[in-house]
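Visitor: Everything below, folded, please.
(one chain, ligands or ions: 1)
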Amino acid sequence: MKAVLLVGGEGTRLRPLTCNTVKAMVPIVNRPFLEHLLGYLRSHGVDDIVVTLCYLPECIERRLGNGAACGVRLAYVMEKTPLGTAGAVKNAQSHLDGPFFVLNGDIMTSIDLRGMLSFHRERRAIATIALTPVENPSAYGVVETAPDGRVKRFIEKPPPGQAPTNMINAGIYVLEPEVLRCVPRGTPCMFEHHVFPTLLSEGAAVFAYPTRDYWIDIGTPEKYRQVQYDLLLGNCASALWAGEVRADGVDMERVTLHPSAMVEGPVALGAGCSVEAGARILGPTVLGEGCVISEGAVVDRTIVWRNVRFGKKASICESVVGDDCSIGDGSVIEGGCVLGDHVVISEGRRLEPAQKVWPDTTI
Ligand code: GTP
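Guide: Now for the predicted structure:
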């Protein structure tokens, strides 16, 4: 079965993490997100995948090549300028024949794709849209359905308290090739705003596939941390996660852990990490390869990329730190901060909660 992956967006909400890398390649427990997504697709029988690229395309192609290492076949299609979700699929049309999946490339989910495809075929749908419940639908595209599962209406970002349902478009579709006839070639076009409403107005068979399976989009710093908390806490699964180092079985060959250091709760520690005397790591926390947590430092519920050094008695909580950063002795980083790559925080500094620091900055 084929799928088209939409990974051309700039990931602006995830900046500064997406200044040097595309959202689909940010690490999730130390593996690029897209590798988790490809593992999921493969386990659901989808192994022929067209990747639609625009922003920082080389990040993806260089790492994943023809997809063989992930057990799938990958083809790439480039956009010179962003074509939007539907325009990107139109641009990949020459790779598509029968029905195919389309997935936003920033979703971690366990939605049953085989079940969704059977549902689509049984209903003889032209388009089937997966729906997922959210607590606050006002930031999303809400989809109202009839009792037989047909889509009645799309409501984009309804005002708080006014959505008729909390079921939103999960960014996963099964489409018949003829859907692409209502997508113009070479100009920006979105499924959500143009294609699906047009199909509805024509009375086409557009169905919704509601599910309560795990679903999260990793597109904000909070959700980016949350998906990794969920993996470490066992609230969601990925075929790529089981082999990492955890608090309950720290692999001493890969990690240097001082006897007086403390690791509490689920953690993933990359190879070559060093946790020095009296330092504390409180999970869920991820450290990428080659991180140093100096004497007395505390890393609490934080996602850290590669080669980051925390100085003596530095502390950080509920934040994200990009590659090659250095956090000075005694510095304090409060909740919700996001540091891009190559940031230096000098000794004794305190960052405000939710502060974002752009790559290559010294504070
Ligand atoms: P923000 O800038 O933070 O909104 O992120 P985004 O635009 O990267 O993602 P958004 O959630 O808006 O889009 C959902 C998915 O569609 C993401 O996986 C994007 O990479 C992808 N996407 C959005 N626009 C385009 C586009 O013009 N072309 C392609 N190929 N993919 C796109």
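Visitor: The closest residue to the ligand within the stretch 1-150 of the chain: neighbouring residues, count only.
Guide: Of all residues in the stretch 1-150 of the chain, residue 9 sits closest to the ligand, with a separation of 2.0 Å (C-beta to the nearest ligand atom). The way it works is simple: take the backbone N, C-alpha and C, and place the C-beta from them, glycine included. Residues lying near residue 9 (other C-beta atoms under 10 Å) number 22.
Visitor: That one and residue 104, how far apart?
Guide: Distance, residue 9 to residue 104, using C-beta to C-beta, to the nearest Å: 9 Å.
Visitor: can you check residue 284 too?
Guide: Residue 284 sits 24 Å away from residue 104, going by C-beta to C-beta.
Visitor: Can you name the residues in contact with the helix or strand hosting residue 4?
Guide: Residue 4 belongs to strand 2-6 when assigned by DSSP states H and E. Residues outside strand 2-6 that contact it (C-beta atoms under 8 Å, 6 or more residues apart in numbering) are 24, 34, 37, 41, 46, 48-52, 85, 88-89, 92, 95-96, 98, 100-105.
Visitor: For burial, what's the neighbour tally of residue 54?
Guide: 20.
Visitor: per-residue confidence at it?
Guide: At residue 54, the model reports a pLDDT of 91.
Visitor: can you check residue 248 too?
Guide: Residue 248 is assigned 45 on the pLDDT scale.
Visitor: Okay, the nearest residue to residue 212 once chain neighbours are set aside and residue 172: tell me how far apart.
Guide: The shortest distance from residue 212 to any non-neighbouring residue, by C-beta to C-beta, 6 or more residues apart in numbering, is to residue 133 (6.5 Å). Residue 133 sits 14 Å away from residue 172, going by C-beta to C-beta.
Visitor: And these two? Which one has more around it.
Guide: residue 172 (23 against 14).
Visitor: check contacts around the more buried one.
Guide: Counting by C-beta under 8 Å, 6+ apart, residue 172 makes contact with 101, 102, 103, 104, 107, 109, 111, 113, 116, 129, 130.
Visitor: Can you tell me which residues in this structure are near the ligand?
Guide: Within reach of the ligand by C-beta under 6 Å from any ligand atom, the chain has these residues: 6-13, 23, 52, 54, 79, 82-85, 88, 104-106, 219.
Visitor: redo that, cut-off 8 Å
Guide: By C-beta under 8 Å from any ligand atom, the residues of the chain that approach the ligand are 5-15, 18, 22-24, 52-55, 79, 82-85, 87-88, 91, 104-107, 171, 188, 217, 219-220.
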